[in-house]
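Visitor: dropping a prediction and its sequence here:
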Amino acid sequence: MTIASPVIEVRNVFKSFKTVQAVRGIDLTIYPGQFVALLGPNGAGKTTLVEMIEGIQKPDRGEILILGKSWRGNEDELRKVIGLSLQETRFIDKLTVRETVKLFASFFDLDNSRIDEIINLVGLDEKRKSYVVNLSGGQRQRLALGIALLNEPVILLLDEPTTGLDPNARREIWSILQKLRERTQTSMILTTHYMEEAEKLCEQIVIIDQGQILKQGTLEELLSDENRDQTENPDRIPLKTLDDLFILLTGRSLHE
Amino acid sequence: MNSPIRYRQLIQLILAHLRQIIREPGVLFWGIIFPILMSLGLGFAFTKKADVYRDVAWVKEQPARADSSGSALEIFLKDHQIKRSSDKDGDICYRITLPDDKLGNTTYTVRVMEWKKAMVLLKRGNITIILDEKNGRLEYHFDPMNPDAQLIYLKLSGLFTNPALLQRPSNPDIRPMTITGTRYIDFLVPGLIAMGVMMSIMWGVSYEIIDNRAKKLLRRMVATPMKKSYYLIALITVRIGMNFIESGLLFLFTWIVFGIQVQGSVPALITIFMAGNIAFAGIAIFMSSHTAKTEIGNGLINLVSMPMMVLSGIFFSYHNFPEWSTSIIRAFPLTMLADGVRSVFIEGAGFTEIAIPSLIMAGTGTIFFIAGLKIFKWH
Ligand SMILES: Nc1ncnc2c1ncn2[C@@H]1O[C@H](COP(=O)(O)OP(=O)(O)OP(=O)(O)O)[C@@H](O)[C@H]1O
Ligand SMILES: [Mg+2]
């Protein structure tokens, strides 16, 4: 059996803004079909990292390879296989849902059947003729997700796809992503503040704070690692949830 | 990449911009109705003769002797049987009407009042001139820089020396010029067209780009295989198309109402119009190349467009400005466009006259466009 080659390789990447070091030496490898959660508090560097992977921002140092290729010189090719949603995008207010999807579909040269399929997939059939400006927050997030999925991406990058949504709306998005996971080989990176989201959707969890990876692995690995340490240190209460782990690692809670 | 795909992108982008524009009710108003209202308002204000009403304060001298026959003005009023009535404040006043079939009638309401009250009204702008008498001699108090007061002085003093003006059925001195091309409206409409082009491109292209950048929509779109230049081409194409429609409607309307005509070559008119659109499109791309803050965009647009609006001879000619400034003003793209369009409309200009300004404008636009693209921030 040959090990599949990684779809995303991030090697020792750094990125600073004027006064902040947003990303400080991150390494990350993602394989086909993997769903990875980037978990971290506000300002941890999640968006900066994801946008570097998306080719929207350039790292100061280090290397990023997508399907073994760097962004430079391969932009046209890589754009076609990536689907993404930014942390906050507002689409054109006075276009309908269908017109918005159609506009983005034209960028990927997709036909009408795919447009309708996507609208159906994200459950916006009833809203296809509504202006984007009149959508609720949850509907807007679903539209953004639909557009991210339009081109059946090999790599899907979602920056806080459920932030600000009520539990129901959040679960709707989760179920769309779970179906995707069952039916396709798409790899996904998702950033979130919600433990539950990371636990439910992703087998790999990467905890990041202050531009660095504190810990990564499956949920069991993360918890048992810490609990193994705990046997040498019997006064500590055993960790049960990611929340506990997070407080232990960073000294603060995820939701501040 | 093969071209059919890219054309679909372009068509969808054009459709998206177009839909956005026609679904915005403000566009219809600012782009089409507002210029028409402006032409109507200013056109009628300056083309049709209108009756003029002015108040004049008269601070009457207290008669020194009981048998005094009164002042010069009193004698004039008595001689010409101008009846005494009362104004809205209940003060005594006299209404003198100067008939004129060419300039329109002028009615002066000479209101008798104390000096103190006259000063208050003057400061408020209700009156611009105060009459009083020293030893039977009429004196006029007014700001010599105020053209309205000057006119009242000239007309009233003329009337007092030549009372026959009170009964002149028709003014034989004035030969009105109403030939198409010489009226104010003929001057104004080409200016309004040029201004419309500038404003529509400044807001429709510059502001739109900055707003899309602020919304992160620009970033989202370039994270797809969309061809970047198509986004800009679509935006500009839609705007120029709208400008043709808006200007066409303004022309159509003023043609029906005022009989505006294009005396020169229509292809030349289209050429200079296109060149003006290109100039402003280039400038707009340059202006919007960097900032993601709509407030800055707002300020930038005002900073660039306001001076041109005032100086470029849209509403009144800049030829009365000092010599040194007119050569600068002529270099503004708005001046070039307004003068060029105007020369075709009212001077009968053709290609020879508009060739150079058209080339300059198209060149300016291209240079700004290229420079803007070089520094353009897509993310
Ligand atoms: N364009 C920028 N200019 C200056 N500083 C920036 C910029 N983008 C991010 N930063 C800073 O870099 C750090 C990391 O920001 P980033 O947006 O990556 O965090 P995040 O983990 O996505 O946070 P959140 O959960 O709030 O979205 C923050 O301190 C932020 O202020
Ligand atoms: Mg973020």
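Guide: On my side now, so go ahead. Ligands and ions are numbered 1, 2, ... in the order given.
Visitor: got the domain boundaries for chain B?
Guide: B:7-45+B:183-375, B:53-176 (automatic domain parsing).
Visitor: how far off centre is the last one?
Guide: Pointing back at domain B:53-176 there. Mean-position distance between domain B:53-176 and its chain equals 32 Å (Cα atoms, centre = their mean, to the nearest Å).
Visitor: residue contacts, A:Glu9?
Guide: A:Glu9 makes contacts with A:28-30, A:63-65, A:68, as judged by Cβ atoms under 8 Å, 6 or more residues apart in numbering or on different chains. No exception for glycine: its C-beta is placed from N, CA and C like everyone else's.
Visitor: secondary structure element holding it?
Guide: strand A:8-16 (DSSP states H and E).
Visitor: can that strand be found next to ligand 1?
Guide: No. Figure legend: strand A:8-16 not in contact with ligand 1 (Cβ under 6 Å from any ligand atom); closest approach 8.1 Å.
Visitor: the helix or strand hosting B:Phe44: which residues count as buried?
Guide: Taking DSSP H and E as the definition, one finds B:Phe44 inside helix B:34-47. Neighbour-count burial for helix B:34-47, with 16 or more other Cβ atoms under 10 Å in any protein chain shown as criterion, is recorded at B:34-36, B:38-39, B:42-43.
Visitor: downstream of the strand holding A:Glu9, the next helix or strand is which one?
Guide: Past strand A:8-16, the next helix or strand by DSSP H and E is strand A:21-30.
Visitor: how about the contacts of A:Glu9 in JSON lines, adding pLDDT, neighbour count and distance to B:Asp91?
Guide: Formatted as JSON lines, the contacts of A:Glu9 follow (pLDDT from 0 to 100; neighbours: other Cβ atoms under 10 Å in any protein chain shown; distance: Cβ to Cβ, whole Å):
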{"residue": "A:Leu28", "pLDDT": "96", "neighbour count": "21", "distance to B:Asp91": "89"}
{"residue": "A:Thr29", "pLDDT": "96", "neighbour count": "15", "distance to B:Asp91": "94"}
{"residue": "A:Ile30", "pLDDT": "95", "neighbour count": "21", "distance to B:Asp91": "91"}
{"residue": "A:Glu63", "pLDDT": "95", "neighbour count": "11", "distance to B:Asp91": "90"}
{"residue": "A:Ile64", "pLDDT": "97", "neighbour count": "21", "distance to B:Asp91": "86"}
{"residue": "A:Leu65", "pLDDT": "96", "neighbour count": "18", "distance to B:Asp91": "91"}
{"residue": "A:Gly68", "pLDDT": "94", "neighbour count": "11", "distance to B:Asp91": "95"}
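Visitor: pLDDT wise, what is residue 196 at?
Guide: No chain in the question, so chain A it is. On pLDDT, A:Glu196 comes in at 87.
Visitor: please go with chain B instead
Guide: Listed pLDDT for B:Gly196 reads 95.
Visitor: run the angle between the helix or strand hosting it and helix B:34-47 for me.
Guide: Assigned by DSSP H and E, B:Gly196 belongs to helix B:184-201. Inter-element angle recorded for helix B:184-201 and helix B:34-47: 160 degrees (by axes from the mean of the first three to the mean of the last three Cα atoms, to 10 degrees).
Visitor: hey, what's B:Val59 bridged with?
Guide: B:Asp132 (DSSP bridges).
Visitor: let me see the ranges of the strands in the stretch 201-350 of chain B.
Guide: Assigned by DSSP state E, counting those that start in this stretch, the stretch 201-350 of chain B shows no strands.
Visitor: what does it put close to chain A?
Guide: B:215-217, B:219-221, B:223-226 (Cβ under 8 Å from any Cβ of the partner chain).
Visitor: which stretches of chain B have low pLDDT?
Guide: B:1-5, B:47-49, B:61-70 (pLDDT under 70).
Visitor: now it against ligand 2: closest residue?
Guide: B:Lys216 (11.9 Å; Cβ to the ion).
Visitor: how about the nearest residue to that residue, chain neighbours excluded?
Guide: Of all residues not flanking B:Lys216 in the chain, A:Thr89 sits nearest, at 4.8 Å (Cβ to Cβ, 6 or more residues apart in numbering or on different chains).
Visitor: thinking again about what came up before, most neighbours among the residues of the stretch 201-350 of chain B next to chain A, which one is it?
Guide: B:Ala223 (25 neighbours; other Cβ atoms under 10 Å in any protein chain shown).
Visitor: mind listing what it touches?
Guide: A:54-56, A:79, A:82, A:84, A:86.
Visitor: equivalent analysis for A:Glu152, please.
Guide: Here A:Glu152 is in contact with A:83, A:184, A:186 (Cβ under 8 Å, 6+ apart).
Visitor: host element of it?
Guide: For A:Glu152, there is no host helix or strand (DSSP H and E).
Visitor: any idea how far it lies from ligand 2?
Guide: Computed as Cβ to the ion, to the nearest Å, the A:Glu152 to ligand 2 distance reads 26 Å.
Visitor: gap between that residue and A:Val81?
Guide: For A:Glu152, the distance to A:Val81 (Cβ to Cβ, to the nearest Å) stands at 9 Å.
Visitor: what's the longest helix in chain A?
Guide: helix A:167-183 (DSSP state H).
Visitor: show me what that helix is packed up against.
Guide: helix A:137-149, strand A:187-192, helix A:195-201 (3 or more Cβ pairs under 8 Å, 6 or more residues apart in numbering or on different chains; DSSP states H and E).
Visitor: related to what we said a few turns ago, among the residues of the stretch 201-350 of chain B next to chain A, which two are most distant?
Guide: Pairwise distances across these (Cβ to Cβ) peak at 20.6 Å, for the pair B:Lys215 and B:Pro225.
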